[in-house]
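J.: give the three-dimensional model of this entry:
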Amino acid sequence: MREDLRRRLGRDGEQLAGEHLVRRGFQIVERNFRTRFGELDIVAYDGCVLAFCEVKTRRLRPGEASPFDAIRMPKRSQVRRMAAVWLSQRSERPYAPELRFDAIGVTFDPSGRLVSIEHLEGAF
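T.: Numbers count the residues shown, from 1 in each chain. The predicted model follows:
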């Protein structure tokens, strides 16, 4: 039951992060790309930048850490490895002069209402 709630929270956060990227002029190239290293949340393209986006979603609780606190060095390395796999497997991808690793934090209040979407471009 708890895992279902966590999965739904993550899915909702990724959906909102994707909508945020589209509002910012990005096209979603791929979602939830699975590799042996894990799952790449969102790959987005705006004509100049190909952004590999790690989405972290949290429900606000007293003393709860920022969604970005979960993106430490091991996670950053994992996302880079997954991006390398994606680039090697997607020959029909859009050309971008810039590759970037972004972090998007989505926070909900305890009742499930959206509190914030924070987008750190070039987070790592």
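
J.: and the longest helix seen in the chain, what's buried?
T.: Longest helix in the chain by number of residues (criterion: DSSP state H): helix 2-23. Across helix 2-23, burial judged by 16 or more other Cβ atoms under 10 Å covers 9-10, 13-14, 16-18, 20-21. (Glycine included, C-beta is placed from N, CA and C.)

J.: how distant is that helix from the center of its chain?
T.: Centroid displacement of helix 2-23 relative to its chain, using Cα atoms, centre = their mean, to the nearest Å, is 9 Å.

J.: ok, then the element right after that helix?
T.: Next helix or strand after helix 2-23 toward the C-terminus (DSSP states H and E): strand 27-35.

J.: dump that following strand to CSV, keeping only the CA atoms.
T.: Only the C-alpha atoms of strand 27-35 are listed here, as CSV (Å, rounded to 0.1, in the frame of the first residue of the first chain):
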residue,chain,number,x,y,z
GLN,A,27,9.6,18.9,-26.2
ILE,A,28,9.6,15.7,-24.2
VAL,A,29,11.7,13.3,-26.2
GLU,A,30,11.5,10.3,-23.8
ARG,A,31,10.1,9.4,-20.3
ASN,A,32,11.2,6.6,-18.0
PHE,A,33,14.0,5.2,-20.1
ARG,A,34,15.1,2.0,-18.4
THR,A,35,18.8,0.9,-18.3
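
J.: neighbouring strands of the next helix or strand after that strand in the sheet, and parallel or not?
T.: Going down the chain from strand 27-35, the next helix or strand is strand 38-45, by DSSP H and E. As defined by DSSP bridges, the strand partners of strand 38-45 come to strand 27-35 (antiparallel), strand 49-59 (antiparallel).

J.: angle of the longest one against helix 2-23?
T.: What that stands for is strand 49-59. 140 degrees (axes from the mean of the first three to the mean of the last three Cα atoms, to 10 degrees).

J.: by contact count, what packs against the helix or strand just after strand 49-59?
T.: Sequence-wise, the next helix or strand downstream of strand 49-59 (DSSP H and E) is helix 73-89. Here helix 73-89 touches strand 27-35, strand 38-45, strand 49-59, strand 98-108, going by 3 or more Cβ pairs under 8 Å, 6 or more residues apart in numbering; DSSP states H and E.
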